[in-house]
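Visitor: Model the structure of this input:
(one chain, ligands or ions: 2)
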Amino acid sequence: MNYLIGIDIGTSATKTVLFDEKGAVIASASQEYPLYQPKNGWAEQKPEDWKEASLETLSRVVRESGVKAEDIKGIGLSGQMHGLVMLDEAGEVIRPSIIWCDQRTAAEVEDMNRLIGRERLIEITANPALTGWTAAKILWVKKNEPENYERCRHILLPKDYIRYVLTGVFATEVSDASGMQLLDVPNRCWSDEVLQKLDIDRSLLADVYESCEVTGKVLPEIAEMTGLSVDTAVVGGAGDNAAAAVGTGIVRDGTAFTTIGTSGVVFAHSSKVTIDPKGRVHTCCCAVPGAWHVMGVTQGAGLSLKWFRDNFCQDYMEEADKQGVDVYDLMGRDAAEREIGSNKLIFLPYLMGERTPHLDPDCRGVFFGLSAIHTKPDMIRSVMEGVSFSLNDCNHILQEMGINVEKMMACGGGGKSPLWRQMLADMYRCEVNTVRQTEGPALGAAILAGVGTGIYESVEQACDALISGDKKSEPVSEQADAYEKLYEVYKDLYVDLKDSFKKLANI
Ligand SMILES: Nc1ncnc2c1ncn2[C@@H]1O[C@H](COP(=O)(O)OP(=O)(O)O)[C@@H](O)[C@H]1O
Ligand SMILES: O=C(CO)[C@@H](O)[C@H](O)COP(=O)(O)O
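Guide: Ligands and ions are numbered 1, 2, ... in the order given. Coordinates of the predicted model:
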């Protein structure tokens with residue numbers, strides 16, 4: 001039997017899973033790490049933490065599975081997108097990674113529009129200049145930390161740094177590279193024009209592969225440390241959303257998924273390049289060769305619920321420990337008992353600014369309508385509803401663009417919650433389903449490794465063979481009507497508060 005490994009470098013943790021070629025989980029391990037917020041709106045993580053978590057979880061799955069090293073044919077990498085990793089001549093990390101939800105680069109976004117022109121940038125990179133994307137972060141370091149920029153010899157994305165650790169190779173692939181804003185997305189290669197206009201040296205960037213292509217093999221010292229073989233191939237892999245698409249079988253037109261991880265994403269597969277002229281959703285290459293995807297992004301989805309748990313739910317955490325159950329399940333159980341609209345309490349999930357639909361780094365979270373009647377379960381429900389309203393914004397834009405969605409799946413940590421899935425089904429007014437295989441991005445990355453090493457014929461064939469449907473959430477029309485009224489208020493709130501957010505940011 002052949003075996004494959006998927007490694008997903010998430011924002012909350014790295015999750016590594018060893019699968020057999022039929023897609024069964026043989027062993028899995030995960031390791032968490034912190035998110036640093038040195039200032040309001042800034043977000044950083046340490047690449048060294050990702051490295052330690054990747055090597056530790058790899059060693060654990062290889063050891064615990066008892067599988068022979070030579071039977072592990074390939075590793076696929078998946079990871080949080082857009083993060084900037086800078087390495088010096090010796091391959092050492094220069095500074096903490098500025099990650100996807102960091103919002104410090106408003107001035108650099110303006111610079112990009114001035115240097116390239118908004119329309120031209122969209123034509124080449126399929127997206128407008130975005131604060132969370134890598135190019136603006138590179139310009140920020142260049143301007144604010146010239147000594148670090150001077151020392152920099154290699155610019156990598158989070159999962160591509162792990163590739164370098166495992167193989168010694170500097171490589172990336174089209175899906176994640178799309179989120180750097182330096183890629184010619186329709187033609188799937190670096191854009192000389194963008195690089196030249198932003199004055200970024202091409203030699204700093206890694207070579208670009210397709211997601212299934214083999215990029216290197218495991219280094220001898222890593223094989224020794226983890227129990228892997230030097231013959232194990234490492235394929236391109238994919239950004240976490242493109243990998244989750246493969247892991248949930250979203251590889252054909254008409255299919256889409258909503259993921260609630262730290263961020264929230266509504267993702268639709270597209271066999272052609274489809275661009276929102278207003279730039280509210282992203283268009284990227286997907287992991288299926290010759291195809292793309294469109295996705296709307298909520299900056300603080302699971303992040304909002306985690307923030308609420310960490311700061312206000314000590315009681316739930318103690319109770320969950322006592323009962324030996326998941327704290328989110330306990331919180332969800334109480335929230336499910338509250339009525340739709342959380343007793344007229346509306347949450348705006350803009351804790352880290354917002355991308356879709358506002359593209360606004362300055363907006364922030366709001367509880368609107370607080371009354372003395374409200375209790376903690378109302379607030380938990382309100383957070384979950386607010387995140388769902390934001391995902392509903394994403395879904396509306398995909399519809400407005402004429403993207404036909406016949407099948408909507410749910411995944412990510414928050415996708416495990418039946419309450420959250422029901423909210424999405426009601427707001428979208430369509431079925432929201434899950435797949436039996438819950439490893440999402442890790443499974444997607446392992447499938448890509450299987451295609452690259454010749455175990456599977458194609459991504460589509462592997463998905464058809466390995467992925468099967470599970471739970472269904474059907475929309476309930478009275479609930480959908482109730483959410484629709486609340487959604488109108490939710491949408492108005494941003495319009496009403498936009499200027500106040502800016503004023504507050506400028507103090
Ligand atoms: N049982 C659950 N019910 C609701 N939300 C959950 C549950 N488990 C996890 N979550 C949410 O999912 C988030 C983590 O999702 P995950 O996909 O693992 O994130 P990432 O890929 O960003 O590391 C948590 O922050 C939490 O908000
Ligand atoms: O920025 C994006 C997509 O554009 C995020 O989806 C990141 O890729 C982080 O993902 P999670 O840690 O939430 O999975």
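Visitor: what does this structure have sitting close to ligand 1?
Guide: Counting by C-beta under 6 Å from any ligand atom, the positions of the chain adjacent to ligand 1 are 10-13, 260-262, 302, 305-306, 326, 328-329, 332, 412-414, 416-417, 420. (Each C-beta comes from the backbone N, C-alpha and C, glycine too.)
Visitor: mind running it again at 5 Å?
Guide: Within the chain, the positions lying close to ligand 1 (C-beta under 5 Å from any ligand atom) are 10-12, 261-262, 302, 305-306, 328, 412-414, 416-417.
Visitor: what subset of those residues is also close to ligand 2?
Guide: The overlap between the residues of the chain next to ligand 1 and the neighbourhood of ligand 2 (criterion: C-beta under 5 Å from any ligand atom) consists of 10-11, 261-262.
Visitor: Switch the residues you listed over to CSV; also include secondary structure and neighbour count.
Guide: Output for those, formatted as CSV (DSSP: H, G, I helix; E, B strand; the rest coil; neighbours: other C-beta atoms under 10 Å):
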residue, secondary structure, neighbour count
G10, coil, 25
T11, coil, 22
G261, coil, 24
T262, coil, 26
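Visitor: okay if I get these as TSV plus distance to Q196 and pLDDT?
Guide: Conversion of those to TSV gives the following (distance: C-beta to C-beta, whole Å; pLDDT from 0 to 100):
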residue	distance to Q196	pLDDT
G10	34	95
T11	32	94
G261	35	94
T262	34	93
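Visitor: from those, which is closest to A43?
Guide: Set against A43, the nearest of those by C-beta to C-beta is T11 (8.7 Å).
Visitor: Would you mind listing the residues in contact with the closest one?
Guide: Neighbour list for T11: 35, 45, 80, 99-101, 261-263, 303 [criterion: C-beta atoms under 8 Å, 6 or more residues apart in numbering].
Visitor: Restricted to strands, list these.
Guide: Secondary structure defined by DSSP state E assigns Q45 of these to strands.
Visitor: any idea which helix is longest in the chain?
Guide: As far as residue count goes, and with DSSP state H defining each element, the longest helix of the chain is helix 477-506.
Visitor: For stretch 35-50, give me every contacting residue.
Guide: Where contact means C-beta under 8 Å, 6+ apart, the residues beyond stretch 35-50 that reach it are 9, 11-12, 14, 33-34, 79, 83, 85, 93, 96-104, 158, 161-162, 352-353, 361.
Visitor: Can you tell me the element L398 falls in?
Guide: L398 belongs to helix 376-400 when elements are defined using DSSP states H and E.
Visitor: And the closest residue to G132 other than its chain neighbours, how far from W307?
Guide: Nearest residue to G132 in three dimensions, chain neighbours excluded: W100, at 5.0 Å (C-beta to C-beta, 6 or more residues apart in numbering). According to C-beta to C-beta, to the nearest Å, W100 and W307 sit 16 Å apart.
Visitor: circling back to that earlier point, please list only the buried members of the contacts of stretch 35-50.
Guide: Neighbour counting over these (16 or more other C-beta atoms under 10 Å) leaves 9, 11-12, 14, 33, 79, 83, 85, 93, 96-104, 158, 161-162, 352-353, 361 as the buried ones.
Visitor: and P34, what does it touch?
Guide: Listed by C-beta under 8 Å, 6+ apart, the contact set of P34 reads 45, 49.
Visitor: can you tell me which of the buried ones among the contacts of stretch 35-50 are in strands?
Guide: With DSSP E as the criterion, strands contain 9, 14, 79, 85, 97-98 from among the buried ones among the contacts of stretch 35-50.
Visitor: Tabulate those in CSV, adding columns for distance to ligand 2 and pLDDT.
Guide: Listed next are those as CSV, based on distance: C-beta to the nearest ligand atom, whole Å; pLDDT from 0 to 100:
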residue, distance to ligand 2, pLDDT
I9, 9, 98
T14, 11, 98
G79, 7, 97
V85, 14, 98
S97, 12, 98
I98, 12, 98
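Visitor: name the helices or strands packed onto the helix holding L398?
Guide: Using 3 or more C-beta pairs under 8 Å, 6 or more residues apart in numbering; DSSP states H and E as the contact definition, the elements that helix 376-400 packs against are strand 255-260, strand 264-270, strand 292-298, helix 302-312, helix 327-336, strand 346-348, helix 418-428, helix 477-506.
Visitor: okay if I get these as CSV plus mean neighbour count?
Guide: Formatted as CSV, these follow (neighbours: other C-beta atoms under 10 Å):
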stretch, mean neighbour count
strand 255-260, 27
strand 264-270, 27
strand 292-298, 26
helix 302-312, 19
helix 327-336, 19
strand 346-348, 24
helix 418-428, 23
helix 477-506, 14
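Visitor: Pull out the CA atoms of stretch 325-344 and give them to me as PDB.
Guide: What follows is stretch 325-344, C-alpha atoms only, in PDB (Å, rounded to 0.1, in the frame of the first residue of the first chain):
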ATOM      1  CA  VAL A 325     -16.000  17.900  25.800                       C
ATOM      2  CA  ASP A 326     -15.100  20.500  23.300                       C
ATOM      3  CA  VAL A 327     -15.600  24.100  24.600                       C
ATOM      4  CA  TYR A 328     -17.000  25.300  21.300                       C
ATOM      5  CA  ASP A 329     -19.600  22.500  21.400                       C
ATOM      6  CA  LEU A 330     -20.700  23.700  24.800                       C
ATOM      7  CA  MET A 331     -20.900  27.300  23.700                       C
ATOM      8  CA  GLY A 332     -22.800  26.300  20.500                       C
ATOM      9  CA  ARG A 333     -25.200  24.200  22.500                       C
ATOM     10  CA  ASP A 334     -26.200  27.300  24.700                       C
ATOM     11  CA  ALA A 335     -26.300  29.600  21.600                       C
ATOM     12  CA  ALA A 336     -28.600  27.200  19.800                       C
ATOM     13  CA  GLU A 337     -31.200  27.700  22.500                       C
ATOM     14  CA  ARG A 338     -31.400  31.400  21.900                       C
ATOM     15  CA  GLU A 339     -33.700  32.800  19.300                       C
ATOM     16  CA  ILE A 340     -32.700  34.000  15.800                       C
ATOM     17  CA  GLY A 341     -31.200  37.500  16.100                       C
ATOM     18  CA  SER A 342     -29.800  36.800  19.600                       C
ATOM     19  CA  ASN A 343     -32.500  38.900  21.200                       C
ATOM     20  CA  LYS A 344     -31.900  41.800  18.800                       C
END
